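Chemist: model this:
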Amino acid sequence: MFRHGVFLAPATAILGATLLLAPIAVAQQVESAEHAETVASFNLPIPRADDQRSKHPLYPAMQLAERVRESIAENVHDYTCTIVRRERVAGKLGKHEFINAKIRYGQGEAVSPFSVYLRFLKPASVEGREALFVDGQHGGKVFVRRGGQRMAYVSSYIKPDSRLAMRENRYPITEVGFERLTDRLIEVIENDMLYDECEVTFYKGAKVNGRSCTRVEVVHPIERDHFEFHRAMVFVDDEYLLPVGYASFYWPREPGGKPRLLEEYIYTDVELNVGLTDADFDRDNPKYGFTRKRDAVN
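Modeler: Below you'll find the model as predicted:
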């Protein structure tokens, strides 16, 4: 079992002023690989038979992802962290956002509903925004405080996958966290394993804020309809088996151009199994800034 404790230092220690650099800046800052091993590469976009699964260059990545998923299910009940993210939504690449998060899966022997509380720290356009979701409550809706610089205290319930909720997000709040990220990685790997034309490299000795990680990089050299990205990388903490960093890029617009960032996420200030309670996911928590009037929702 994982012990309670902080295992990553503050986000500012990783990123600092690098946010004004190129889209790949975060990934460059957090990794320093000492050894790379190319698993294999193929160059034929032909669907693969099931009996060839173990020979696919992505097979070791799938094995690692499945180990990560099992470890999270067995060892992680809840955690707090800071999420640093940057996403391309509706074709537009947004700014880096810093978000304090509380996430709960279970509590000891008692199973708790999946619960998420988010508070946005910056940039100014979203500062003070809060979002609260508890699976099975409030008709499956997320309670959101607008934040930002206009009508900051307006709070309301909205569907997590509604047009309003997704206007500035690639994924709904129900997809936040290590478990959901790992599930998405497994889904993408399973799809990509149906085809060749894939290059996979494992980098040993990569670092995320001084902690040893394995960086897995996947490249699809040629744009195909069945691939979601040109290049993707994931950083897995070697000790805790958690995906503490992820970034993916689309193909360049023109030959020789730079890949276009689709999304990147870095998890910092991670503290595991802190014993989050129902109060941490209660809209009336006095530490939160949600509208207090019950008739102001829905």
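
Chemist: quick one, what contacts the nearest residue to Arg129 once chain neighbours are set aside?
Modeler: Leaving aside its sequence neighbours, Arg129 sits nearest to Gly147 (CB to CB, 6 or more residues apart in numbering; 2.9 Å). Backbone N, C-alpha and C define where each C-beta goes, glycine included. By CB atoms under 8 Å, 6 or more residues apart in numbering, the contact list for Gly147 reads Phe120, Val126, Glu127, Gly128, Arg129, Glu130.

Chemist: count the neighbours of the fourth one for me.
Modeler: This means Gly128. 17 (other CB atoms under 10 Å).

Chemist: tell me the SS of it?
Modeler: Assigned state for Gly128: coil (three-state reduction, DSSP: H, G, I helix; E, B strand; the rest coil).

Chemist: picking that back up, and which of the contacts of Gly147 is nearest to Lys92?
Modeler: Proximity to Lys92 was ranked across these by CB to CB; first place goes to Val126, at 14.9 Å.

Chemist: so the closest one makes contact with Arg150?
Modeler: No. Counting by CB atoms under 8 Å, Val126 stays clear of Arg150, with 11.4 Å between them.

Chemist: and the two? Which one has more around it.
Modeler: Val126 (20 against 8).

Chemist: quick one: contacts for the more buried one?
Modeler: Counted by CB under 8 Å, 6+ apart, Val126 has contacts Glu97, Phe120, Gly147, Gly148, Glu168.

Chemist: and the residues you listed, which of them are buried?
Modeler: Burial by neighbour count, 16 or more other CB atoms under 10 Å: within these this picks out Glu97, Phe120, Gly147, Gly148.

Chemist: flag whichever of those scores worst on pLDDT.
Modeler: Taking the buried ones among the contacts of Val126 together, the minimum pLDDT is found at Gly148 (80).

Chemist: are we agreed that that residue is in a helix?
Modeler: No. Applying three-state DSSP, one finds Gly148 to be coil, outside a helix.

Chemist: hmm, it is touching Pro123, no?
Modeler: No. Contact between Gly148 and Pro123 fails when scored by CB under 8 Å: they sit 9.3 Å apart.

Chemist: and Arg163, how many residues sit next to it?
Modeler: Arg163: 8 surrounding residues under other CB under 10 Å.

Chemist: surely Glu70 is in a strand?
Modeler: No. Applying three-state DSSP, one finds Glu70 to be helix, outside a strand.

Chemist: that one: neighbour count?
Modeler: Neighbour count for Glu70, taken as other CB under 10 Å: 12.

Chemist: ranking helices and strands of this protein by mean pLDDT, which lands last?
Modeler: helix 11-15 (a mean of 38; mean pLDDT, DSSP states H and E).

Chemist: redo the contacts of Val126 as JSON lines? Include distance to Tyr240.
Modeler: Formatted as JSON lines, the contacts of Val126 follow (distance: CB to CB, whole Å):
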{"residue": "Glu97", "distance to Tyr240": "24"}
{"residue": "Phe120", "distance to Tyr240": "26"}
{"residue": "Gly147", "distance to Tyr240": "31"}
{"residue": "Gly148", "distance to Tyr240": "34"}
{"residue": "Glu168", "distance to Tyr240": "30"}
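
Chemist: would you agree Val116 is in contact with Phe133?
Modeler: Yes. The criterion here is CB under 8 Å, and Val116 meets it with Phe133 at 4.8 Å.

Chemist: which neighbours do those two share?
Modeler: Residues within reach of Val116 and of Phe133 at once, by CB under 8 Å, 6+ apart, are Ile173, Thr174.

Chemist: so Tyr79 sits against Leu272, correct?
Modeler: Yes. Tyr79 is in contact with Leu272 according to CB under 8 Å; the separation is 4.9 Å.

Chemist: who's more crowded, these two?
Modeler: Between Tyr79 and Leu272, counted using other CB under 10 Å, the more crowded position is Tyr79 (24 against 21).

Chemist: now the more buried one, what's its secondary structure?
Modeler: strand.

Chemist: again, but for Ala61
Modeler: Classification of Ala61 by three-state DSSP places it in helix.

Chemist: give me the neighbour count for it.
Modeler: Counted with other CB under 10 Å, the neighbours of Ala61 add up to 24.

Chemist: ok so, going back, turn the buried ones among the contacts of Val126 into JSON lines, including distance to Met193.
Modeler: As requested, the buried ones among the contacts of Val126 are exported to JSON lines (distance: CB to CB, whole Å):
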{"residue": "Glu97", "distance to Met193": "32"}
{"residue": "Phe120", "distance to Met193": "36"}
{"residue": "Gly147", "distance to Met193": "41"}
{"residue": "Gly148", "distance to Met193": "42"}
